[in-house]
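> Below: sequence and its predicted model.
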Amino acid sequence: MRGDGGDHSLEKYCLDCPWALSEDEVDSDEELSRRTLEHFVETGHTIESADQLLPPPSKDS
């Protein structure tokens, strides 16, 4: 989804419960932001973000 062409994955996760959402699970950055904000507003929980490098593709594929 990210337009920078890099092999990155953005994940949002809650520090207070098991809630987590990856950009791979939504259709747009806007939806990721909206659902993250909804979780915060509904629960008051603290949300963190992780922008991670994805491992290179397996040569066995």
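On my side now, so go ahead.
> Tell me where the protein has strands.
8-14, 20-22, 47-53 (DSSP state E).
> could these go into CSV alongside mean pLDDT and mean neighbour count?
Every C-beta, even on glycine, is put in place using the N, C-alpha and C of the backbone. As requested, the strands of the chain are exported to CSV (pLDDT from 0 to 100; neighbours: other Cβ atoms under 10 Å):
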stretch, mean pLDDT, mean neighbour count
strand 8-14, 86, 16
strand 20-22, 95, 16
strand 47-53, 84, 11
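> Tabulate these in JSON lines, adding columns for distance to Leu32.
Output for those, formatted as JSON lines (distance: least, Cβ to Cβ, whole Å):
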{"stretch": "strand 8-14", "distance to Leu32": "7"}
{"stretch": "strand 20-22", "distance to Leu32": "6"}
{"stretch": "strand 47-53", "distance to Leu32": "10"}
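> which residues in this protein form helices?
Secondary structure of the chain (DSSP state H): helices at 29-43.
> Let me see the contact set for the residue most central in space within it.
Closest residue to the average C-alpha location of the chain: Glu11 at 2.2 Å, with Cα atoms, centre = their mean. If you count contacts by Cβ atoms under 8 Å, 6 or more residues apart in numbering, Glu11 has them with Ala20, Leu21, Ser22, Glu23, Ser49, Ala50, Gln52.
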